[in-house]
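Trainee: Pasting the sequence and the predicted coordinates here, then a few questions.
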Amino acid sequence: MDRPSDQQNTTEHSVPVADELSVALDDEAALAERSRRALMAATRWLPGMMLPSSDGTLQELSAEARDLGPDVGWDRYGEHGPVAEVEKRVTDLLAKPAAAMFPSGIMAQQSVLRTWADRQGSRRVAIPQLSHLLVHEMDGPQLLNGFIYERLTHGERQPTVEDLKAIPGELGAVLIELPLRDGGYKLPTWEELVALSHACRDRGVPLHFDGARLWESAPHLRHSLAEVAALADTVYVSFYKGLGGLAGAAVAGPEDVIEEARRWRTRHGGTLFSMLPYALAALRGMREQLPRMAEYHRGAVDLAALLQERGLRVSPDPPHTNAFRLFVEGTADAINERRLAAMEQDKVVLCWTFSDATTPGWSWVEFNVGPATMEWDLKEAADAMVELLAG
C-alpha cells in the first residue's frame, strides 16, 4: 500500500479541528444572543446610561427640534440647520474660531490630521502607542492618507516633553488622547499638558487633542473646556460617548484649517444629505449631560473607593474621569457566566463584559459612571458588585 501523502494526513486531521471551530463559533454566537436579550430585558442599569427605547429617543429628538424653532429648518450636506447650531455650540464651549461636524470621529481626525500634514509637508504624526488611531482603526489612517506614525509612548501612560524630544525630524502633527482610553482612562497633569503644548509650539508642530472624552476630562484637570482646548491647535470631540448622542463628532480650530478639513470630509464621503438626528442628539447631550460631568467624576471617585474598601482593585486610583478599570480575581469566562445569569434572573445590569487580564487568574472590565449610576445609592451599588464578582 502506498504511504499517505502529507496533504492527505493534513486533510484527514483537519476535519475534527474544523468541527471544533464551528462548535466554538456557535457557542460564541449563542452567548452573544443571550447577552443581547438580557440587556434588552433589563429594567435597571448601574454603568453609564440605560439603553433607551428607540421610540422614546425619537420622541425626545422631535421635542429638541421643536425647541429650536421653525426658523432653524433642515441641514443639507453638512451646512445650515441643527448642524450649524451644533458647530456654534462647540466653538462657544471650546473658544475656537471654527468647528465642523462629522458623521464619525475616525473621519474627523483623519481630515484634520491630513490638513496639518499637508501644511507641514510631512506625513509623520507622533501619537501614543495605545492611541485609538493605532489600535481600533484597521490601519485606515495610514492606508487612506499615508500617515507615518511615530510612537510618542509605549504602554499605559501619557506622553511628556521628553517623549517628544526623543522623536527627531519634521512632524506633520502631534496627537495626544484625553484621556488615554486604552491606558485605563488616564490623563496627564495640567502642568504636563501645558509643558507639552509649549514644546510643540516652540518646535513649530501643530498639537491636536483626540478629545473623544474631553467633556469628561475637564473636572480632573480643574480647568474649563476652553482653557483645555486653548493648549491645542485643533480639538476633536465626540457626541455619542459621555453625551449619549446617536453618532457624530466635531473638530474645532482655526477657520482656515477647519475649512480645509471640511474639504477632506467631502473627499472621505462624510457630507451626508442630512445629519439631522445626529445633530439633534448632540444638542440634547450638550444641554443635558455636559453640565453633569463633574457629578459623574465625583461618582466614579466615590464608587472606586467603595469597591477598593471591599477588596476589589481599580486603576487609576483615584479615577481621572468618570471611567476606570476594575480588576477582579477569577477568569473572564467564569465571571461573565455569573454576570449573564444574574442579568437574566434579576433584570439588572451591574457591569459590562470582562476580559482576561495579563496577570494569570485575573480579569478586568471598564466601568463608566453616568446618569444610570447616579440613581443608585453607591454603597448599595458597591455591595451588589462585590456579591456578583466574588461569586
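Mentor: Arrived safely, thanks for sending.
Trainee: Helices of the stretch 151-300 of the chain, residue ranges please.
Mentor: 161-165, 190-203, 214-221, 225-229, 255-267, 276-288, 293-309 (DSSP state H, counting those that start in this stretch).
Trainee: Pull up the pairing partners for the helix or strand following the last one, direction included.
Mentor: Remark: after helix 293-309, the chain's next helix or strand is strand 313-315, criterion DSSP states H and E. The sheet places strand 313-315 alongside strand 323-329 (antiparallel), with pairing taken from DSSP bridges.
Trainee: Mind listing what's buried along the helix or strand following the strand it pairs with?
Mentor: Where DSSP H and E defines the elements, the next helix or strand beyond strand 323-329 is helix 332-346. Within helix 332-346, the residues scored as buried using 16 or more other C-beta atoms under 10 Å are Ala332, Ile335, Asn336, Arg339, Leu340, Ala342, Met343. Where you see a C-beta, it was placed from the backbone N, CA and C, and this is true even at glycine.
Trainee: can you check stretch 153-172 too?
Mentor: Thr153, Glu156, Arg157, Gln158, Pro159, Thr160, Asp163, Leu164, Ile167, Leu171, Gly172.
Trainee: got those as CSV, with pLDDT and distance to Pro219 columns?
Mentor: Below are the buried residues of stretch 153-172 laid out as CSV (pLDDT from 0 to 100; distance: C-beta to C-beta, whole Å):
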residue, pLDDT, distance to Pro219
Thr153, 96, 24
Glu156, 94, 21
Arg157, 95, 21
Gln158, 97, 17
Pro159, 97, 22
Thr160, 97, 22
Asp163, 98, 25
Leu164, 98, 26
Ile167, 98, 31
Leu171, 98, 31
Gly172, 98, 32
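Trainee: for the residues you listed, which one is nearest Gly245?
Mentor: Gln158 (26.3 Å; C-beta to C-beta).
Trainee: Surely the closest one touches Glu192?
Mentor: Yes - assessed by C-beta atoms under 8 Å, Gln158 is found in contact with Glu192 at 6.8 Å.
Trainee: which pair in the buried residues of stretch 153-172 spans the largest distance?
Mentor: Top of the distance list for those (C-beta to C-beta): Glu156 and Gly172, 25.4 Å.
Trainee: Count the residues that sit near Ala100.
Mentor: By other C-beta atoms under 10 Å, the residues close to Ala100 number 26.
Trainee: I'd assumed it was in a strand, is it?
Mentor: Yes - counting by DSSP: H, G, I helix; E, B strand; the rest coil, Ala100 falls inside a strand.
Trainee: beta partners of it?
Mentor: Val251.
Trainee: leaving aside the residues next to it on the chain, what's closest to Ala342?
Mentor: Once flanking residues are discounted, Ala342 sits nearest to Leu388: 5.7 Å by C-beta to C-beta, 6 or more residues apart in numbering.
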